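Colleague: sharing a model prediction with you, sequence too.
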Amino acid sequence: MWFDLQDDVGDSFELEAKGGVVVARSDDSALMALADSQRLHGVTAQKVDSGELHSLEPYLHPDLHSGVFYPQDAQCQPMLAAAHILRTVIARGGAVISHAQVKKILSHDGVLHSISTTQGDFRAPIVINAAGTWAGEIAALAGSHLPIAPRKGFILVTEPTQHYIFHKVYDSDYVANVASSDADLQTSTVVEGTRSGTILIGASRERIGFDGSMNYDIVRTLAAQATSLFPVLRDVNLLRVYRGFRPYAPDHLPVVGEDAEIKGLWHSAGHEGAGIGLAPGSAELITQLITGKTTFMDPAAFAPARFARVSI
Amino acid sequence: MILVIGGGPAGLAAAVAIARNGQEVTILDSAPRAGGQYWRHRTRVDGYKSEKSAMYLQEVAQNPLIHFISGANVWSASRVKDGFAINYLVSGNELTVTAQKLILATGAFDRSLPFAGWDLPGVMTPGAAQSLLKGHGVLAGRRVIVAGTGPFLLPVATGIAAAGGTVVGLYEAQSPLRWALSPVALLLNPSKFAELLYYAKQVRKYRIRIQFGKGVTAFDTHSAVVSRLSSDLEVVAGSEEKIECDVVAVGWGFTPDVTLGGILGCAQKVDLDGTVIFNVDQNQRSSQKDIWIAGEATGIGGSDLALVEGEIAGLDCVGIGISPSLAFRKIRKTLFARALQKSYPVGNGWKKWSRNTTKICRCEEVSLQDIADSVTDLGAFDSRTAKLFTRAGMGLCQGRICSRNVSEIVAGLQGCQVSDNERIGYSNRPIATPISLGELSDGKSTK
């Protein structure tokens, strides 16, 4: 779907199907079982042995022997993607009103009426809430309820280096940690190069609210995990650290669909760390739902109604 | 333990004040020797009143209560149980020092403005020319132009001449008559006349030609374009002349280094000259308990003010009251620092010195046109969004050199002013100096 979007918007955001490699640490049975179930869902997941693994990633630690290769895994520069998509929206007659903070969402008898923002009031029968980590607050403004919480993460960015890393390389713990509901800190490595030559190292996950403070112990842990996968990175300098808040839903599934209480209020939120990757799919799905067309997949699992208020 | 970060005039004055009151103090500094950028004496080339700096340097070397850790690059700092943990690198090894009280005297670095050719070899800052000369005894080039604005140009030009270099010209962009705007500051600081006289003699001795209201607006290998400038740094049409030279040392004042205090959460504000500085009280206390800040990081003011602020920070840190005479000296020097800012302003005319192809961010090679496109085509509205779209400021220097210039360019294209929040945003970064992933991996948790 990203490549369709690229055809539509133009080759402007460094989209590349570079492929992903999940590296097994010791016991690879859980990873292989996961790959089997992904194959059933149509994902290309190829089991690779030691030789194949090291020809995919020659700088990988020699003690790592097995993994799964996902040739469809892709990467893009998300800021450029967002900017170019917005530009296309404007070119096609859409209006983009920036610096508009939503103040009020008015509805009558459970039907959405209008919204008030710092840039004026807008009357609209349909409003899509795609406010990311703040989507829960938007729902609350409308008098509804959406349990989206922040899951904080750090990403390390190195200086530009020569080409050491050829795919997105995940530690197999990564898969388990993303699905974990533990509020405590988890760190598991994903390492990838970018077109500008820098290497990105993620990712930590912790649920501590909107606490933007720096934590150098997490930085050290991420560095240690990355260098244990790729010893060659020991001599590469860290330049900066990003902090951010992923929009997290209690069951780790996105919320895509109409609000359970307010008609006309639609949500596309809670994609956690996969929002960029899933954006074209979520957009397609919500468009089909709003326009009453047949959906390309069953949207039931993403329905906001699954978080309906528990009555007291 | 008391830890001073930065071994320039402010840091040394703080350490001396602490040691004279019988307490131990450790200074961490990134340079091989004490003195900071301004007192980096090594060669025969000394500046005005070098005996004053010699006194401090000697006391730091000889007082057994003062420990000096040189070559230490601090990359991060955090508050820990009963104090602070400071993580630093010394020749490839990471070490951590803990302290109950911190005095930050992190100084400042030269401000550079872009112009056509400023990314060529042969263009450097006056600070770089001076550190080559004082730190390594190396002349930046045979025929040198010193240009920009501010009194720091004088010791750099006379230092180069004294070391045997040819100063082709010293171009001060502002008129000396601007000092007339600050008569009180001048009257309260008569010692400054003596300093001026000293440099006037040096200038005459080495036959350096000083020209006011001019600046370097373009450079090509072995020649510079020198233009007449308005007080806002606009080029006066038709005034450009080509002057042969090997090196141009150009500086437009200084940018305080606020990284460490920022990491530790010390409150900041925007100074009159648009630089980001720390909020401190009359005793140099920052908004954070047990952290004092002295010197350029509380506002660009030169070494005299830095010495007074350092002494006050050191005394207050060990619980000694500040005498009225010291407090009055701080007021006098602060007035002089304000007068400096008024006398050497940096207007926005420099934006027209660049061609569309001129690299505004030299690390990531982002041109003026790239930045303009990010605003007009992609909707960038501040230096942060322009950075995300173009990579300007994401390179090795992490925007220390270009981010202020990028923000002024972006604001100019939108016809607005750079907000204080944006200035504070681009002046801060979580990693104070690059550290290898190997060093990070081996380091211990500080909890």
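Modeller: Looks like it came in fine. In this text the structure is predicted, and so the values were computed from the model without any measurement.
Colleague: C-alpha only now, for contacts and for neighbours.
Modeller: OK.
Colleague: care to break chain A down by domain?
Modeller: Chain A resolves into domains spanning A:2-70, A:99-143+A:253-304, A:149-248 when parsed by automatic domain parsing.
Colleague: winner for burial among the ones you listed?
Modeller: Mean neighbour count (mean count of other CA atoms under 10 Å in any protein chain shown) peaks for domain A:149-248 among the domains of chain A, with a mean of 20.
Colleague: please name the residues that touch the residue of the stretch 51-200 of chain A found nearest chain B.
Modeller: Proximity to chain B, evaluated over the stretch 51-200 of chain A using CA to the nearest CA, is greatest for A:Ala83 at 5.4 Å. By CA atoms under 8 Å, 6 or more residues apart in numbering or on different chains, A:Ala83 lies in contact with B:378-379.
Colleague: buried residues, the helix or strand encompassing it. List them.
Modeller: Per DSSP states H and E: A:Ala83 is located in helix A:78-91. Within helix A:78-91, the residues that count as buried by 16 or more other CA atoms under 10 Å in any protein chain shown are A:78-81, A:83-87.
Colleague: quick one, helices of chain B?
Modeller: Here chain B has its helices, by DSSP state H, at B:9-20, B:50-62, B:126-136, B:153-162, B:183-187, B:191-205, B:259-263, B:302-317, B:324-343, B:368-376, B:383-390, B:403-414, B:420-426, B:437-442.
Colleague: contacts for the second one?
Modeller: The set of residues external to helix B:50-62 that reach it, using CA under 8 Å, 6+ apart, is B:9, B:12-13, B:15-16, B:34-35, B:39, B:66-68.
Colleague: I'd like those laid out as CSV, including distance to chain A.
Modeller: Converted to CSV, the contacts of helix B:50-62 look like this (distance: CA to the nearest CA, whole Å):
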residue, distance to chain A
B:Pro9, 29
B:Leu12, 29
B:Ala13, 31
B:Ala15, 28
B:Val16, 32
B:Ala34, 27
B:Gly35, 27
B:Trp39, 29
B:Ile66, 29
B:His67, 27
B:Phe68, 26
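Colleague: which stretch in the helices of chain B has the least confidence?
Modeller: Lowest mean pLDDT within the helices of chain B: helix B:126-136, at a mean of 83.
Colleague: quickly list what the closest residue to A:Gly212 other than its chain neighbours is bridged to.
Modeller: In this structure, A:Gly212 finds its nearest non-sequential neighbour in A:Arg243, 7.1 Å apart by CA to CA, 6 or more residues apart in numbering or on different chains. On the basis of DSSP bridges, A:Arg243 is bridged to A:Phe154.
Colleague: next one: A:Arg243, what pLDDT does it get?
Modeller: So, for A:Arg243, pLDDT stands at 90.
Colleague: go on, B:Leu188?
Modeller: Among the per-residue scores, B:Leu188 shows a pLDDT of 89.
Colleague: if I look at it, how far off is chain A?
Modeller: 44 Å (CA to the nearest CA, to the nearest Å).
Colleague: try B:Leu89
Modeller: Counting by CA to the nearest CA - B:Leu89 and chain A are separated by 12 Å.
Colleague: identify the residues contacting that residue.
Modeller: Listed by CA under 8 Å, 6+ apart, the contact set of B:Leu89 reads B:72-75, B:95, B:435.
Colleague: so where's chain A shaky on pLDDT?
Modeller: Within chain A, the ranges that satisfy pLDDT under 70 run A:174-183, A:309-312.
Colleague: which parts of it are strands?
Modeller: Counting by DSSP state E, residue ranges of the strands within chain A are A:20-23, A:46-48, A:67-70, A:102-108, A:111-117, A:120-123, A:127-129, A:149-158, A:168-171, A:186-193, A:199-205, A:237-248, A:255-258, A:265-269.
Colleague: adding distance to A:Leu289, write those strands out as JSON lines.
Modeller: Rendered in JSON lines, the data for those read as follows (distance: least, CA to CA, whole Å):
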{"stretch": "strand A:20-23", "distance to A:Leu289": "31"}
{"stretch": "strand A:46-48", "distance to A:Leu289": "34"}
{"stretch": "strand A:67-70", "distance to A:Leu289": "30"}
{"stretch": "strand A:102-108", "distance to A:Leu289": "21"}
{"stretch": "strand A:111-117", "distance to A:Leu289": "17"}
{"stretch": "strand A:120-123", "distance to A:Leu289": "21"}
{"stretch": "strand A:127-129", "distance to A:Leu289": "12"}
{"stretch": "strand A:149-158", "distance to A:Leu289": "25"}
{"stretch": "strand A:168-171", "distance to A:Leu289": "33"}
{"stretch": "strand A:186-193", "distance to A:Leu289": "34"}
{"stretch": "strand A:199-205", "distance to A:Leu289": "32"}
{"stretch": "strand A:237-248", "distance to A:Leu289": "22"}
{"stretch": "strand A:255-258", "distance to A:Leu289": "7"}
{"stretch": "strand A:265-269", "distance to A:Leu289": "10"}
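Colleague: wait, which of those is closest to B:Val90?
Modeller: The closest of these to B:Val90 is strand A:237-248. By CA to CA, the value is 14.9 Å.
Colleague: returning to that earlier point: mind putting the helices of chain B into CSV with mean neighbour count?
Modeller: Shown next, in CSV, are the helices of chain B (neighbours: other CA atoms under 10 Å in any protein chain shown):
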stretch, mean neighbour count
helix B:9-20, 28
helix B:50-62, 15
helix B:126-136, 22
helix B:153-162, 24
helix B:183-187, 15
helix B:191-205, 14
helix B:259-263, 22
helix B:302-317, 26
helix B:324-343, 18
helix B:368-376, 19
helix B:383-390, 22
helix B:403-414, 21
helix B:420-426, 16
helix B:437-442, 22
